[in-house]
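**Q** Need coordinates for the below:
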Amino acid sequence: MLASVRHFTSLSPGKLKRARERGATSSQMAVGGSLARRGRDDGVGWQTGEKMNIDIADNFATVLAADPQARIDDIRVGADAVVGQELQLDEDPTTWRSWRCAYVLSLLAADSAAAVLAILFAFLARPNVAHGQLKLMGWSVSYKMLGLVSLGVWLLVLALAGAYHTHYQAGSLEQYRLRVVTALRLMAFVVIASFALHAPVSRVIVLVFFPSLAVASLISHWLLRQVLTRLRRGGMALNRLVLVGNEASVEKLVNHFLRDLSHGYVIVGVCLPNARSGRRRELRTRGGTFPIVGTPDGLVEVAHRMSVDSAAVVGSLCFESTSLQQVAWQLERRDVDLLVAPDVIDVAGPRVRFAPVTGMPLLQIREPQIYGPGRWLKPCYERLLAIPILLLATPALLAISLAVLIDSGRPIFYRQRRIGFGGKEFEMIKFRSMVPNADEMLPELLARNDHDGALFKLRDDPRVTRVGRFLRKHSLDELAQLVNVVKGDMLLIGPRPCLPGETEVFGEAARRRFLARPGMTGLWQVSGRSDIPWEEAIRLDLYYVENWSPLMDLMIIWRTLLVVGGGRSGY
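**A** Okay, here's the model as predicted:
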């Protein structure tokens, strides 16, 4: 064991216990305490970004038990280095490094199982072909042998396409797309080759095998992702991440990472330009407090010392004595993934593409789709879709109307002025979920607001009726807005329709949300509903307007069904 600060701080509690059992006697513990005191007397500065979970003297005594030749000079910390909280070794089950080989093997097993299932489906579609022979360039090849060959070719092509690299998988759709595209390309190749070689390949086998392969691989990969997500929620297979940049950019990046923890990244520290002074030991953000572990120029040393898996850099101007390219080279040698976040991190991937100019990659941000044909296509097909939905929902609307009438009498509907497309007002319709004089009681309750910003939300609002509480929990009171969608005032999916008083706190950027018609559901509603902060809610509306796509609408519909069905954060 090397007696350096980066090693003994990497000892997990279990390893410390085992080291003590191997010979950490009370006398050695006393020596460790004495050496720690001597270190203080000698001016050794222990700078901690966060309170150490295990006493330093106790750790060093354990190191002495394993290596009696260890010296206090071996753990001396530089002037601008920061000792982070207790770290983990590569074999620790909480880190991604200890799981990535197992994950790659699981990918191979899942893809192999998908191919076997596709072969079985193909043989079930044509049972008589399963035992037949195929004449190929004068050779007789059985379909069973072709099945084995197709399994090997499938795995080989996926490997060549990069499906089994050991880099961290953070939930991207790229792996799904890769498998579907590979299956379709192999299908096209087989069809073209069969015509070119005049091989009488069964069309049924081809038409059944490759679509089944694509579907089975999607399902198997999805199941594997679910297992990985459960591991991450249990604190396993996590990617240790260090954030680098100026304070404002890092804080914004922290908020992005904390929106959804299913990606498995765990922020273990931040590197800020002003960390060299040593005056600040932690960065406080809305999402939590994170230790300042060094400066951007010391990123490579921090990554090695803290055994991180990834480093995310926002803005290259934070480096003084080095460059981002040099940092990338050094992190590459240490098997640390480098993530670079552009300053336009609120712009979605479909709008950003690389535009190389004389060998220099530039980020080109294309015009939002909401300005294109989608500006008139989306309202047309969503209004047409709302008509059959309204007809199908008529029994539910009648049942809700009857429940409101029996519970608290008339009126059944609640009408309110909201701001719509282009900043124009319209009358929004909802099922009444509060007492008839709810608006008159509002001034008395403003001081008890559970929400920040201009939005008023009260978790235990006394104005809500018994039936209304159930309706609001599952957003059934908003089904009446289907009438607004048919009229053209709203859409099924879009920004939240805001009150006239809320627009007074909007800045110029937030007013861009009026470029799109408001919707019954949207990113705001599926990302936290009533519990989401006001600033984050406005940002999500802007994100939707700037980056709208049909695929995003499908994702929102799916998440709406999950959120509303579970009744989470609805009050």
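**Q** Only C-alpha atoms from now on, for both contacts and neighbour counts.
**A** Noted.
**Q** center of the protein, which residue is that?
**A** residue 263 (4.4 Å; Cα atoms, centre = their mean).
**Q** Quick check, pLDDT for it.
**A** Per-residue confidence (pLDDT) for residue 263: 79.
**Q** ditto for residue 36
**A** 38.
**Q** do the same with residue 559
**A** pLDDT recorded at residue 559 is 86.
**Q** So it sits against residue 524, correct?
**A** No. Using Cα atoms under 8 Å, residue 559 makes no contact with residue 524, being 11.2 Å away.
**Q** Comparing the two, which residue is more hemmed in?
**A** Ranked by neighbour count (other Cα atoms under 10 Å), residue 559 and residue 524 place residue 524 first, with 25 against 18.
**Q** show me where the stretch 301-450 of the chain has strands.
**A** With DSSP state E, counting those that start in this stretch, the ranges of strands along the stretch 301-450 of the chain come out as 310-314, 337-341, 352-354, 363-365, 413-419, 425-431.
**Q** Each with direction, which strands does the first one pair with?
**A** It refers to strand 310-314. Strand 310-314 pairs in its sheet with strand 239-244 (parallel), strand 337-341 (parallel), by DSSP bridges.
**Q** what residue ranges in the stretch 1-150 of the chain score low on pLDDT?
**A** 1-94, 129-132, 134, 136-138 (pLDDT under 70).
**Q** Look up how far residue 500 lies from residue 468.
**A** Counting by Cα to Cα, to the nearest Å, the gap from residue 468 to residue 500 is 24 Å.
**Q** just residue 392 next, same as before
**A** From residue 392 over to residue 500 (counting by Cα to Cα), the distance is 32 Å.
**Q** Looking at those two, which has the bigger crowd around it?
**A** Ranked by neighbour count (other Cα under 10 Å), residue 392 and residue 500 place residue 500 first, with 14 against 11.
**Q** what does the model give that one for pLDDT?
**A** 81.
**Q** domain ranges for this protein?
**A** 5-75, 100-233, 239-345, 374-566 (automatic domain parsing).
**Q** Save those as TSV, and put in distance to residue 355 too.
**A** Conversion of those to TSV gives the following (distance: least, Cα to Cα, whole Å):
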stretch	distance to residue 355
domain 5-75	40
domain 100-233	21
domain 239-345	15
domain 374-566	19
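**Q** between these, which gets the lowest average pLDDT?
**A** domain 5-75 - the lowest mean pLDDT of the domains of the chain, at a mean of 37.
**Q** Count the neighbours of residue 153 for me.
**A** When neighbours are defined as other Cα under 10 Å, residue 153 has 13 of them.
**Q** Phi and psi next, for residue 164.
**A** Main-chain torsions, residue 164, degrees, to the nearest 10: phi -120, psi 20.
**Q** Just give the number of residues close to residue 499.
**A** Using other Cα under 10 Å: residue 499 sits among 16 other residues.
**Q** My error: substitute residue 353 in the last question.
**A** The number of residues packed near residue 353 is 13, by other Cα under 10 Å.
**Q** quick one, what contacts it?
**A** 363, 364, 365 (Cα atoms under 8 Å, 6 or more residues apart in numbering).
**Q** Which strand residues bridge the nearest residue to residue 257 once chain neighbours are set aside?
**A** Sequence neighbours aside, residue 265 is the residue nearest to residue 257 in space, at 7.5 Å (criterion: Cα to Cα, 6 or more residues apart in numbering). Note on residue 265: beta-bridge partners residue 239, judged by DSSP bridges.
**Q** Leaving out chain neighbours, which residue sits closest to residue 165?
**A** Once flanking residues are discounted, residue 165 sits nearest to residue 104: 7.5 Å by Cα to Cα, 6+ apart.
**Q** check which helix or strand covers the one you found.
**A** helix 100-125 (DSSP states H and E).
**Q** Return the set of buried residues in that helix.
**A** Within helix 100-125, the residues scored as buried using 16 or more other Cα atoms under 10 Å are 100, 103-104, 107-108, 110-123, 125.
**Q** quick one: secondary structure of residue 293?
**A** Secondary structure state of residue 293, per DSSP: H, G, I helix; E, B strand; the rest coil, is strand.
**Q** residues contacting the residue nearest to residue 165?
**A** Counted by Cα under 8 Å, 6+ apart, residue 104 has contacts 164, 165, 166.
**Q** ok, back up a step: quick check: phi and psi on the residue nearest to the centre of the chain?
**A** Backbone phi and psi, for residue 263 under degrees, to the nearest 10, turn out to be phi -70, psi -20.
**Q** how close does it get to residue 174?
**A** In terms of Cα to Cα, residue 263 sits 14 Å off from residue 174.
**Q** Check the burial of residue 281 by counting its neighbours.
**A** Neighbours of residue 281 using other Cα under 10 Å come to 19.
**Q** again, but for the one 5 residues further on
**A** The number of residues packed around residue 286, counting by other Cα under 10 Å, is 10.
**Q** looking at it, it is touching residue 255, isn't it?
**A** Yes. Proximity of residue 286 to residue 255 meets the contact threshold set by Cα under 8 Å, at 7.4 Å.
**Q** What about residue 194, how many residues nearby?
**A** Close neighbours of residue 194, defined as other Cα under 10 Å, add up to 15.
**Q** Going by residue numbers, what spans are strands in the stretch 151-300 of the chain?
**A** Using DSSP E, counting those that start in this stretch, strands in the stretch 151-300 of the chain cover 239-244, 265-271, 282-285, 288-294.
**Q** among those strands, which is nearest residue 563?
**A** In terms of Cα to Cα, the element of the strands of the stretch 151-300 of the chain nearest to residue 563 is strand 265-271, at 23.6 Å.
**Q** can you pull the contacts of the nearest residue to residue 237 once chain neighbours are set aside?
**A** Nearest non-adjacent residue to residue 237, counting by Cα to Cα, 6+ apart: residue 96, 4.3 Å away. Contacts for residue 96 were tallied using Cα under 8 Å, 6+ apart; they are 168, 236, 237, 238, 239, 240, 309.
**Q** Residue 522 versus the nearest residue to residue 427 once chain neighbours are set aside, what's the distance?
**A** Excluding the flanking residues, the one nearest residue 427 by Cα to Cα, 6+ apart is residue 417, at 4.7 Å. Residue 417 is 19 Å from residue 522, where distance means Cα to Cα.
**Q** The two: which has the busier surroundings?
**A** Of the pair residue 417 and residue 522, residue 522 is the one with more neighbours under other Cα under 10 Å, namely 26 against 14.
**Q** Surely the more buried one touches residue 556?
**A** Yes. Residue 522 lies in contact with residue 556 (Cα under 8 Å); the separation is 6.3 Å.
**Q** What count of nearby residues applies to the closest residue to residue 499 other than its chain neighbours?
**A** Nearest non-adjacent residue to residue 499, counting by Cα to Cα, 6+ apart: residue 418, 4.8 Å away. Applying other Cα under 10 Å, we find 21 residues neighbouring residue 418.
**Q** now swap in residue 227 and tell me
**A** The burial count for residue 227: 11, using other Cα under 10 Å.
**Q** May I have the residues that are in contact with residue 251?
**A** Contacts here follow Cα under 8 Å, 6+ apart; on that basis residue 251 touches residue 285.
**Q** For it, give its distance to residue 267.
**A** Using Cα to Cα, residue 251 is found at 12 Å from residue 267.
**Q** Could you tell me how far residue 249 is located from residue 255?
**A** Residue 249 sits 10 Å away from residue 255, going by Cα to Cα.
**Q** got any residues that touch both of these two?
**A** Shared contacts of residue 249 and residue 255, defined by Cα under 8 Å, 6+ apart, are absent.
**Q** ok, back up a step: only the buried subset of the contacts of residue 104, as a PyMOL command please.
**A** With 16+ other Cα under 10 Å as the criterion, this PyMOL line picks the buried residues out of the contacts of residue 104:
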select buried, resi 164
